[in-house]
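Participant: turn this into a structure:
(chains A and B)
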Protein chains: 2
Amino acid sequence: MKAEDRPGNHPVSADRIWSDLMNLAGITEAGRPYTRRSFSPKFLEGRAWLQERFRAAGLFPHVDASGNLIGRLPGSDPDAGTIALGSHSDTVPDGGRFDGTAGVIVALEIARALRERGITLRHTLEVIDCLAEEVSEFGLSCVGSRGLTGALQPQSLDLRKPDGETLREAITRIGGDPDRITATPRDDLRAWLELHIEQGRVLGEGRTDVGIVTSAVGITRVEIELTGMADHAGTTPMHLRHDALLAAAEVVAEVRAAALRRIEAGDGYFVATTGELTVTPNAANVVPGHVRLLVEARSENRPAMERFLDDLLPRVRAIAEAQGITLSSCHRLSDAPPAPFDPGLVGRLEEAARKNGLSHVRMPSGAGHDAVFFSRITPTAMVFVPSRAGRSHCPEEWTEKEELALGALVLFDAVLGLDRGN
Amino acid sequence: MKAEDRPGNHPVSADRIWSDLMNLAGITEAGRPYTRRSFSPKFLEGRAWLQERFRAAGLFPHVDASGNLIGRLPGSDPDAGTIALGSHSDTVPDGGRFDGTAGVIVALEIARALRERGITLRHTLEVIDCLAEEVSEFGLSCVGSRGLTGALQPQSLDLRKPDGETLREAITRIGGDPDRITATPRDDLRAWLELHIEQGRVLGEGRTDVGIVTSAVGITRVEIELTGMADHAGTTPMHLRHDALLAAAEVVAEVRAAALRRIEAGDGYFVATTGELTVTPNAANVVPGHVRLLVEARSENRPAMERFLDDLLPRVRAIAEAQGITLSSCHRLSDAPPAPFDPGLVGRLEEAARKNGLSHVRMPSGAGHDAVFFSRITPTAMVFVPSRAGRSHCPEEWTEKEELALGALVLFDAVLGLDRGN
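Facilitator: Numbering: from 1, shown residues only, chains lettered A, B, ... in the order given. Just a heads-up that it's a prediction; the model follows:
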């Protein structure tokens, strides 16, 4: 349903959300909208602007040890703990105006709406702009949510970006205190709720108002290296070749086939992608001697991921062997398990959608989010709003003003219900 | 047979050839042997050294309009014309010690051997180090042989290398005179004879002393671009994807299959390679949106090449269509016809091999050479010597000293026979 068709008086303002989002989007590298890379001058400019907006909304802002920008609205019961809402304000290079920022601005709007209505929560409310959710120049994602939840490896602070600065120095530079980041997570959190754009087409295809996210998929990345022989493409007869790209081509097809077998077997949401493929020497007149592939698979359920790998990897070995190619590497680069969200919070979000007459669907998140780290230490759930044509991480990324407002409404009601415990 | 097993007295010296080759190989970018890129300071250093060796052998050196280094041994009959021998002294990056240089040094050795034996040819003999046979930083190969044979397009002189220098400026810098390069080739040439390493495994596999090259294959390059949709690899279900790499993988397999069909159909020597494949954006978490492939095919015969393309290209279109991918480009980037060499000269080389008791085989050249351009204006043929394991354009490139000497012997006898007309 359209927001303007809904009866009654909205607690949240679609116009304020939109105005804030467009203002924040205007803080971008001029030549490549929309780019506000974590730790960059534009990122700090965006944060300074956000901090002012936090203050104007009556939130007390500070930067925590991990470099997260936190706006705080104290609750009436000091022992009730904290309900945290938010997402991230950094972008990928040449990204969009909604990924991350939508969750931060909607959280801010909920705090504003509460004050406007004279509502004081029992719980303290925090609006959190998590530091560097997107893969940063340090090669790490979710820096802030890792830090806050005790999941940042100490050695990660020594990572360097291309200009030589360490992560430790960069966190200090933006106001954090890396020496105070510990493996002990905060113990006052009672919930993490995050609104995010879907970055897919499930909601758009079904014309659904909101997605209620039940889990974040696990992500496994496998590096495969195939080594043949880089021979002269003119003088090496076909039967004497060891062409690594011919083997890689078969692997690419097999990755898709293995994912389809998981779906057909009823293993739930499953995707697998060969997103990176690099040929060496990559010259028209040389038989490819080496190919490196990065295969990524995502699944809601851990056993399905294992079945996928147990199916795929022997086939990769067989392809290499049949073609006289050496499988010089085949190992898991990374392996994040799925993160199931809190059934109580999921039910609360669903109830809020129902109460407001919104169409909704339970779905897994195919993308990683700060919520994954929060889910390890506190009850967590997410709300998805539609992404036009599923486009994301690009300037074409788009969500309608009304769609954002409906997502905010669901979150607002869930926060109220959670605070009152009814 | 091994050179040391041969009876009698060799006119050419294996040791002198070897010593010169190793000295020239020593002139290389220090950190990346063996690299002597055309127009670079190391290239000019190599040429200065060559010029000294030419002088020491009694050759009169000069640089012609096209930037070729030419050592001249005047003949006794001013009307007899010129027999030209040579190859090139430039290398690919991280190349070897024999590709090109073997032909220049063997040509020099033949001039030396003639003088040593007191033989004055009727014809003038020229030893030519052709400029920039390998693809230069200007994106062009065979610059010198194109220029000398009237095949250099005037607009090619405006090509720029990455540092901004034009080809016109670069040729001038190394002693050429680009304003005197014309479409009218030299009319005094009576033959071009070029010794080169095979860069393949035909001789090595058959333990054959020399290859007598009957033609150079035609080379056709086709650029294929496949455009799908660069979607999020986590949030885009398999059935909603337009993955350009999946289509490219099928194309890669089809290129090989189409080449095998030509061989099975009896179309002679035929090879086809997908040597370059570039994925965009090439990130683990993005479905490949675009792939560019360079397909190269080489054939001794022109109709076979057309049959290959008529077979392959409709299949490429069908693959794209079946996968919902746009074939955004599919066109010939370049299309060089095969170059048949001179039957008279081929017969003369064969006769010289036979007379010296050497095993030999007629074969096409799968690689391009300066000889291709010379063959358009004067009788041309080539001698191949074995390449260990077929390796070329790499530091492992290797030919034995004795193998080089046997090739030189064939060339020496052919030059004498040609000069005497018997």
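Participant: any chance you could map the strands in chain A?
Facilitator: A:60-63, A:69-73, A:82-88, A:124-130, A:189-197, A:210-216, A:218-227, A:270-280, A:290-299, A:326-336, A:339-340, A:360-365, A:380-385 (DSSP state E).
Participant: who touches the residue nearest the centre of chain A in this structure?
Facilitator: Using CA atoms, centre = their mean, the residue of chain A that lies closest to the mean C-alpha position is residue A:369, 3.0 Å off. By CB atoms under 8 Å, 6 or more residues apart in numbering or on different chains, the residues touching residue A:369 are A:87, A:133, A:194, A:196, A:216, A:382. Backbone N, C-alpha and C define where each C-beta goes, glycine included.
Participant: which one of those is nearest residue A:317?
Facilitator: Among the contacts of residue A:369, residue A:216 lies closest to residue A:317 (CB to CB), at 30.8 Å.
Participant: how much space separates that closest one from residue B:158?
Facilitator: As for residue A:216, its distance to residue B:158 is 56 Å (criterion: CB to CB, to the nearest Å).
Participant: which one's more surrounded, these two?
Facilitator: Taking other CB atoms under 10 Å in any protein chain shown, residue A:216 and residue B:158 do not tie; residue A:216 has more neighbours (27 against 11).
Participant: is it true that that one touches residue A:368?
Facilitator: Yes. With contacts counted by CB atoms under 8 Å, residue A:216 reaches residue A:368, the gap being 6.3 Å.
Participant: adding mean pLDDT, write the strands of chain A out as a markdown table.
Facilitator: Output for those, formatted as a markdown table (pLDDT from 0 to 100):
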| stretch | mean pLDDT |
| --- | --- |
| strand A:60-63 | 98 |
| strand A:69-73 | 98 |
| strand A:82-88 | 98 |
| strand A:124-130 | 98 |
| strand A:189-197 | 98 |
| strand A:210-216 | 97 |
| strand A:218-227 | 96 |
| strand A:270-280 | 96 |
| strand A:290-299 | 97 |
| strand A:326-336 | 93 |
| strand A:339-340 | 96 |
| strand A:360-365 | 96 |
| strand A:380-385 | 98 |
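Participant: TSV for the ones you listed, including distance to chain B?
Facilitator: As requested, those are exported to TSV (distance: least, CB to the nearest CB, whole Å):
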stretch	distance to chain B
strand A:60-63	28
strand A:69-73	26
strand A:82-88	16
strand A:124-130	18
strand A:189-197	10
strand A:210-216	9
strand A:218-227	6
strand A:270-280	4
strand A:290-299	4
strand A:326-336	8
strand A:339-340	13
strand A:360-365	8
strand A:380-385	9
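Participant: who wins for proximity to residue B:324 among these?
Facilitator: Checking those against residue B:324 by CB to CB gives strand A:270-280 as the closest, at 16.2 Å.
Participant: then the closest one to PDB, C-alphas only?
Facilitator: The C-alpha coordinates for strand A:270-280 follow below in PDB (Å, rounded to 0.1, in the frame of the first residue of the first chain):
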ATOM      1  CA  PHE A 270      21.200 -20.600  -2.000                       C
ATOM      2  CA  VAL A 271      23.300 -18.600  -4.400                       C
ATOM      3  CA  ALA A 272      26.800 -19.200  -5.800                       C
ATOM      4  CA  THR A 273      28.800 -16.900  -8.000                       C
ATOM      5  CA  THR A 274      32.200 -16.800  -9.800                       C
ATOM      6  CA  GLY A 275      32.600 -13.100  -9.400                       C
ATOM      7  CA  GLU A 276      36.300 -12.800  -9.900                       C
ATOM      8  CA  LEU A 277      38.300 -14.500 -12.600                       C
ATOM      9  CA  THR A 278      41.800 -13.400 -13.500                       C
ATOM     10  CA  VAL A 279      43.700 -14.800 -16.500                       C
ATOM     11  CA  THR A 280      47.500 -14.800 -16.600                       C
END
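Participant: tell me the predicted confidence for the residue of the stretch 301-422 of chain A found nearest chain B.
Facilitator: Closest residue of the stretch 301-422 of chain A to chain B, CB to the nearest CB: residue A:366 (3.6 Å). Reported pLDDT at residue A:366 in the predicted model: 94.
Participant: do the same with residue A:398
Facilitator: In this model, residue A:398 carries a pLDDT of 97.
Participant: residue contacts, the residue nearest to it when sequence neighbours are not counted?
Facilitator: The shortest distance from residue A:398 to any non-neighbouring residue, by CB to CB, 6 or more residues apart in numbering or on different chains, is to residue A:388 (4.1 Å). If you count contacts by CB under 8 Å, 6+ apart, residue A:388 has them with A:204, A:396, A:397, A:398, A:399, A:400.
Participant: ok, now how distant is residue A:268 from chain B?
Facilitator: Distance from residue A:268 to chain B, counting by CB to the nearest CB, to the nearest Å: 11 Å.
Participant: that residue against residue A:302, yeah?
Facilitator: No. Taking CB under 8 Å as the definition, residue A:268 is not a contact partner of residue A:302, at 11.2 Å.
Participant: got the phi/psi numbers for the residue in the stretch 51-200 of chain A that chain B sits nearest to?
Facilitator: Proximity to chain B, evaluated over the stretch 51-200 of chain A using CB to the nearest CB, is greatest for residue A:200 at 3.1 Å. Here the main-chain torsion angles of residue A:200 (degrees, to the nearest 10) amount to phi -150, psi -170.
Participant: what residues does the stretch 301-422 of chain A put near chain B?
Facilitator: Residues of the stretch 301-422 of chain A lying close to chain B by CB under 8 Å from any CB of the partner chain are A:365, A:366, A:367, A:368, A:390, A:391, A:392, A:393, A:394.
Participant: brilliant, that's me finished.
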